[in-house]
Structures are given as C-alpha cells and as structure tokens.
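A.B. asks: Have a look; sequence and predicted model below, questions after that.
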Amino acid sequence: MRIGTRGSALALAQSGLVQKLLGGESRCSLTVIETTGDRNPLASLRRIGGKGIFTKEIDTALLEGRIDLAVHSLKDLPTEEIPGLAIGALLKREDISLGDDRIRRLFLTSMKKKEVNLLRSCGECLHWPSTINEHRR
C-alpha cells in the first residue's frame, strides 16, 4: 500500500503513525509528494492560491492511482468536498494541554482563521509567516 504524504516533519510523523497502524514498512510505503505550499513556504497563502495548496498534488496522485491513500492534516484540507475523495479515517488527537492553566501560552501561526480562534480561546497569538519546522528552531 502506498501512502501519499508531504515531506514536512509533521506530515512524515503523521504518515509514519498511519504506516505503523496499517502494518509497518513491510506492508506500506511512504510516497513523499511536493505540494504548491511546500514549493513556496514563505509566500502568502492568498497569493499562491489559498485552498488546497498543501493537498492538491497529493489528491491528484490519489485520483490517478499513483498512491492508495493520502494522509493530510485537517488544517490543510479545503472545506469543500472533492469529487471522488472522502475522509476515510481520523487519528486520535493527542492531549496537548500544558497541565497548568496559569502558564501563559503563545501560539505562532501564519493563518488568520487560526489566529482569531486562538485569540478567542487560549491567550496570545503572533502572526508568523513560516512553517512548523521554522517555528521549532
């Protein structure tokens, strides 16, 4: 079974978990597919197309039969359904709480929608046009 994924650290971690759940490397291989968003990591999402910039190429590979399933982060999926594709499974979410509500939390995001939601519920949020790998540095 061929699992389509992006090459980012987060995507590879998620895809690796799916691979393990489906029987490991002996039963499944990861196929890394570069997306428009990967080729333009610092560009404004609106400028390079907005919807599907981290999923379109992977979805095309799935529809063309080059991969058997795709692993996406829900945050990357467009809100409109794509004809011929469906969400087949969701991984269980991990508890990311800090354990102490008094700890001030700071979130970095380049997505305005997330920024608004985080400000409503959690604390401070900085608009940071970068990738998760750059956030970790």
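C.D. replies: That came through fine. Values in this document were obtained by computation on a predicted structure and should not be read as measured data. Numbers count the residues shown, from 1 in each chain.
A.B. asks: Which parts of this structure are strands?
C.D. replies: 2-5, 29-32, 69-70, 106-109, 124-127 (DSSP state E).
A.B. asks: helices or strands up against the third one?
C.D. replies: The reference is to strand 69-70. Using 3 or more CB pairs under 8 Å, 6 or more residues apart in numbering; DSSP states H and E, the elements in contact with strand 69-70 are strand 2-5, helix 56-63. Where you see a C-beta, it was placed from the backbone N, CA and C, and this is true even at glycine.
A.B. asks: Touching that strand from outside, list them.
C.D. replies: 1-5, 18, 55, 58-59, 61-62, 88 (CB atoms under 8 Å, 6 or more residues apart in numbering).
A.B. asks: care to break the protein down by domain?
C.D. replies: For the chain, the structural domains run 2-76, 106-136, going by automatic domain parsing.
A.B. asks: Which of the ones you listed has the lowest mean pLDDT?
C.D. replies: When the domains of the chain are ranked by mean pLDDT, domain 106-136 comes last with a mean of 48.
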